[in-house]
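Asks: below is the sequence, then the predicted model.
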Amino acid sequence: MHDPSSYPATRLAAEADDASVIANSRHEPEWFSMIFDRYFTTIHRYAAARLGPGAADDVAAETFLAAFDQRDRYDLTRPEAKAWLYGIATNLIGRHRRGELRLYRALSRSAARDDVEGHADRVTDRVTAEQLSPRLARGLQSLSRGDRDALMLVACADLSYAEVAFALDIPIGTVSSRVHRARTKLRKTLGHAAKGV
Amino acid sequence: MEDLQELRRYHDALPGAAPESIGAARSRLAGHMGGSRRPRARRIRPVWGLSLAGPAATRRRRTGAAAISALSVCLAVTVTWLAVPQPGQRDGVTLAVPTGAAPTEPSVVAKAEPSGAGFKKLKKKYPPVGKIASMPEIPIWMWLGRPSTADAKDVVLCNAWDSLGATCAGFPPLNAKEFARTQGSTWGIRDPKQVRALHPDATSEQLRRLIDEQERVNALGRIFFGIARAEVHGIMAVTTDGRKITGSVARSVGAGYGVWAVKLPSDVTTAALIVTDANGKTLQRIRRG
């Protein structure tokens, strides 16, 4: 989508890790466009999962604006910027808390997919709904913000507990507690027996 | 693990960012980088083909989505047209009039209701609070339903296709700035991996049938649909290559809402949906569709 010749010619941009790119961007801001190219769609999908597609555009865009502003503070010992960006996105999502809860409320009122019969119907249902089961949506709605943040970063962003700890700037033990508490609550909502982590 | 798996499936099944969203975000970042106050920031060299020249350019802000060509060709999405020229009620079925150019094909009487078992089941579970809107030119049937339980308050938007089933889903009310909203589309799954992710317990044979069915759905083109306020009379999709594709609106379907649908060929990408009033004036522009 972009012209590689527009990148600064001083480095082999394609092989540079995120930390190198961010380090370069401190003196040559246009390097930061590489971070955008690498992660925008990923961050957008995460924001859409939490806020819906409408708000995801703005939140995803603002994530990179904020990241650009904060690039001087990025820990260059971390080669991958994924957790850092998810942390910024999660913080911005927190400002849309009402919108997130509204989304889950709406999803919790929707018909269950198993209302529809037949494989063909189920396929059509899936492609149009692209949504959670009502019970799981209700469960997410009932979680505290901190527990939901940790759970969604593990489940949707596929971050490790250590990465979540970095993203949310909390101890790793706290991540474990929050995820365990969130899952216990969700299991109760879903009607499963509580299990240990 | 089922809770985590469902969350992951939900996340993975979401459509990716549309090209126009990516372009708009790139523009914002480019403008933001250009305004960077770092003392050693040099003149911004061209990025992504954007040409910024001179000090004035570094303060310039680019906003908005990708430019849309001024050229427009009204494509006929519909295959069959309704027998009646105006929306009316026939046996509880509201017939939607496609907005746009007058048809040239012979008129065809609209089918009253879809034949699928899924439609019958959901219509019983979420009885219409008003009418069932039939849009044979898409084709799609839509209604606003309310669960048949005593304490049900909120309505759901239901949509059905002739033999592909039906779905119903709740939605947040339109906010003050919204005249319409996209509530769904029919082409969310594009590759076998996603189908597998959504049906982890399916056998190989079941998966093959699901994928075949998905390809059949995809071949019909992509249908966007949603809700609209009463003052909405028209809807049109503008594609990234400048085409304008007229959709259908059914007004006053139920619970104070109208419904709309627009069908796109499978090879086009929507840049925006334009929502208009009775005079054709733009009420809202929905990016991405």
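Replies: Sure thing, it's come through. Not measured: the values here are computed from a predicted model.

Asks: so the spatially most central residue of chain A is in which element?
Replies: Nearest to the geometric centre of chain A sits A:Tyr46, at 3.5 Å (Cα atoms, centre = their mean). Per DSSP states H and E, A:Tyr46 falls inside helix A:32-51.

Asks: check B:Phe225 too.
Replies: Per DSSP H and E, B:Phe225 falls inside strand B:222-228.

Asks: neighbouring contacts of that strand?
Replies: Contact with strand B:222-228 is made by B:138, B:140, B:142, B:144, B:157, B:159, B:171, B:174, B:179-187, B:235, B:237, B:247, B:249, B:251, B:257-266, B:270, B:273, B:275, B:289, as judged by Cβ atoms under 8 Å, 6 or more residues apart in numbering or on different chains. For every residue, glycine as well, the C-beta is placed using N, CA and C.

Asks: name every strand pairing with it and say which way it goes.
Replies: strand B:180-185 (antiparallel), strand B:257-264 (antiparallel) (DSSP bridges).

Asks: which one of the ones you listed is the most hemmed in?
Replies: Highest mean neighbour count of the strands paired with strand B:222-228: strand B:257-264, a mean of 27 (counted as mean count of other Cβ atoms under 10 Å in any protein chain shown).

Asks: mean confidence score for the helix or strand following it?
Replies: Counting by DSSP H and E, the element after strand B:257-264 in chain order, helix or strand, is strand B:270-276. Averaged across strand B:270-276, the pLDDT comes to 86.

Asks: could you report the neighbour count for B:Asp212?
Replies: Using other Cβ atoms under 10 Å in any protein chain shown, the number of residues around B:Asp212 comes to 13.

Asks: A helix includes it, no?
Replies: Yes: counting by DSSP: H, G, I helix; E, B strand; the rest coil, B:Asp212 is found in a helix.

Asks: could you point out which element follows the worst-scoring helix or strand of chain A on mean pLDDT?
Replies: Every helix and strand in chain A was compared by mean pLDDT, DSSP states H and E; the lowest is helix A:119-129, with a mean of 38. Toward the C-terminal end, the helix or strand that comes next after helix A:119-129 (DSSP H and E) is helix A:134-142.

Asks: rounded mean pLDDT for that next one, please.
Replies: 86.

Asks: for stretch A:153-173, same thing?
Replies: Mean predicted confidence for stretch A:153-173 is 95.

Asks: just stretch B:30-46 next, same as before
Replies: For stretch B:30-46, mean pLDDT rounds to 58.

Asks: the helix holding A:Tyr46 near chain B anywhere?
Replies: Yes: Helix A:32-51 is in contact with chain B by Cβ under 8 Å from any Cβ of the partner chain, via A:Phe32, A:Ser33, A:Phe36, A:Phe40, A:Thr41, A:His44, A:Arg45, A:Tyr46, A:Ala48, A:Ala49.

Asks: where does pLDDT dip in the chain?
Replies: Picking chain A for this. By pLDDT under 70, the weakly predicted segments of chain A are A:1-15, A:110-132, A:192-197.

Asks: I was after chain B.
Replies: Applying pLDDT under 70 to chain B flags the ranges B:1, B:35-111, B:150-153, B:162-165, B:186-200, B:213-220, B:287-289.

Asks: residue boundaries of the helices in it?
Replies: B:2-13, B:19-34, B:54-59, B:117-125, B:192-198, B:204-219 (DSSP state H).

Asks: chain A too?
Replies: Counting by DSSP H, the helices of chain A are A:18-25, A:32-51, A:53-69, A:82-94, A:97-108, A:119-129, A:134-142, A:145-155, A:161-168, A:172-190.

Asks: quick one: closest of those to B:Gln284.
Replies: B:Gln284 lies closest to helix A:53-69 among the helices of chain A, at 12.0 Å (Cβ to Cβ).
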